[in-house]
Every structure is written in structure tokens, then in C-alpha cells.
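Novice: Return a 3D structure for these sequence lines:
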Amino acid sequence: MKWPALVLSVLCCLGSFSAFAAAPAGAAVQIDPSVRMETLDDYYITKGSTYDKITALLQNLPSEASGLSGDYYFRIEKKLTHDYFYHVKAYDTNTHVQKGNYFFAKDESCVWRLDPTGDAVMIYGSAENLLKKTEIVVYPKKIALGSYGIIRVHVPGMLPYDIKLTSLNANVAQISDKMNIVPVSAGKTDIVVDLKIGSATRTFTETVSIIDTADDGRDRGMSPSVGIGIGVGWGSGWHHGGGIGIGVGPWW
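Specialist: Predicted coordinates for the structure are as follows:
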């Protein structure tokens with residue numbers, strides 16, 4: 001693996017930031033729950049090639065990226081998060097206070113640092129493979145006039161993304177400022193979804209049908225008074241989101 005080149009690329013995007021070894025004011029102090037556990041191997045990866053490659057990569061990242069310094073040890077959960085990420089935490093050797101929180105892609109393509117503030121930052125690699133695991137869901141597929149549809153983004157790890165929606169037939173459906181799909185007239189149109197995670201982008205195309213309210217069918221759309229979507233009041237162009245649907249986190 002060519003770690004130095006990838007790390008340098010990520011750091012150029014990150015700029016300078018402070019390590020978070022000390023939790024910010026008001027943040028809860030996280031203590032290693034495994035301190036008194038007798039069967040660590042039932043829940044954590046404690047040895048072997050997977051343990052070695054994960055810990056070696058994190059230890060070799062610059063402290064400005066990982067937020068790690070001093071003496072610490074790792075806990076790697078056996079159960080994958082969304083079948084893609086190893087959830088890794090670092091703890092102070094003496095106090096057992098959490099010093100770092102990470103998602104490590106099982107294909108080693110990227111590593112994300114999960115900050116106590118709720119932010120997530122990619123500190124290694126590329127999000128190209130992560131985008132391949134991401135799913136776009138239009139709900140409902142049939143939208144009745146007088147209602148609206150929404151886009152749900154399923155990103156492994158519920159990590160942040162940027163999104164842009166475009167209707168290819170504005171006479172059938174349009175995209176509102178709240179990123180809802182608003183019916184205009186009966187018919188079909190494709191919705192182009194441009195998704196960006198880090199510097200990687202991927203385009204999805206989803207077909208929606210606009211139907212008259214008198215048409216027989218279920219899941220015909222959301223009530224126009226609810227007002228939910230990808231986000232609220234972002235205007236046109238790219239919009240920032242995170243989590244499954246419109247939610248963001250938490251990761252711990």
C-alpha cells in the first residue's frame with residue numbers, strides 16, 4: 001500500500017486542525033467499556049492480519065490527521081458497521097479515556113475520523129469505493145399530484161455527502177428548494193442525482209411517475225404540509241447532507 005502519497009493527498013484537503021485528544025467543553029468523556037471484560041475476543045479483533053493492518057495504518061498517519069499522541073491502544077469491533085466499516089476506537093493506556101474514533105473500510109480504501117463534535121472527516125484514501133456501496137432511493141416511485149416525493153441517501157457509516165438533484169422534464173416534476181420532488185403534471189421523468197463524498201462523485205438516475213390523485217395505487221406521495229426532504233432551505237445547486245435519509249449520525 002502506498003500510504004505516504006494517499007495521506008499527503010488527504011492532508012492537503014484537510015488543512016490544519018487541532019487534534020482532539022482532549023474532549024471539547026461539554027462533551028461526555030468516553031471510557032473503554034471493555035476494561036472489565038473477560039472475553040474480549042468475543043466482541044473485538046485483538047490479533048491477526050486484520051488487526052495488524054488497521055493498527056499499523058492508524059499509527060502511521062500523522063497525528064494532525066488521526067488526533068493521536070502519547071500512549072494508547074485500539075479496540076476494533078468484530079461486527080462491521082453496515083457491512084463495510086470496521087469501527088475502531090483508541091483509548092489512553094493509563095486512563096482508558098477515548099482518544100480517537102474511526103471507521104476503517106474493510107477494503108482499506110478509506111479511513112474516517114469521527115469527532116466528538118459529531119463531524120466526520122476522511123483522513124486517508126478515497127471515497128470512490130464508498131460511493132459504489134451507496135444507495136439512492138426515491139420514495140414513492142409513483143407520486144400523486146398535490147403531494148411530493150423525497151430522495152433518501154443510504155451511505156455506509158451514515159457519513160456526510162453533498163448532493164444535487166435535477167429533473168430532466170420540468171413539465172412533469174420539479175425539484176423544490178427543500179429538495180423535494182414536486183409533481184407538475186401526469187407523466188414520467190428521470191431524476192438525476194449527483195452525489196459527492198470527499199472529492200469522489202457518482203451520478204445516479206431514478207425514474208419517477210407522476211399520477212392523478214384519482215389513479216388507483218398506494219404510496220402516492222407525501223402530504224405537502226409535512227415539508228421534509230434531503231434538507232430545508234438550502235437553495236439551488238449542491239446541498240450538504242449525511243446519515244440515512246435526512247438524519248445525521250450519530251456514530252457512537
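Novice: Enumerate every residue touching residue 151.
Specialist: Residues in contact with residue 151 (Cβ atoms under 8 Å, 6 or more residues apart in numbering) are 136-139, 163, 165, 179, 181, 191, 193, 206, 229-230. Where C-beta positions appear, they are placed from N, C-alpha and C, glycine not excepted.
Novice: Can you name the residues bridging to it?
Specialist: Listed by DSSP bridges, the beta-bridge partners for residue 151 are residue 138.
Novice: Could you measure from residue 187 over to residue 144?
Specialist: 13 Å (Cβ to Cβ, to the nearest Å).
Novice: between the two, what contacts are shared?
Specialist: The overlap between the contact sets of residue 187 and residue 144 (Cβ under 8 Å, 6+ apart) consists of residue 210.
Novice: which one of these two has more residues nearby?
Specialist: residue 144 (22 against 14; other Cβ atoms under 10 Å).
Novice: Assess the claim that the more buried one and residue 183 are in contact.
Specialist: Yes: counting by Cβ atoms under 8 Å, residue 144 touches residue 183, with 7.0 Å between them.
Novice: re the thing from before, can you tell me which of the contacts of residue 151 lies closest to residue 28?
Specialist: Sorting those by how near they are to residue 28, with Cβ to Cβ, puts residue 230 at the top with 29.4 Å.
Novice: quick revisit: is it possible to mark the buried ones in the contacts of residue 151?
Specialist: 136, 138, 163, 165, 179, 181, 191, 193, 206, 229, 230 (16 or more other Cβ atoms under 10 Å).
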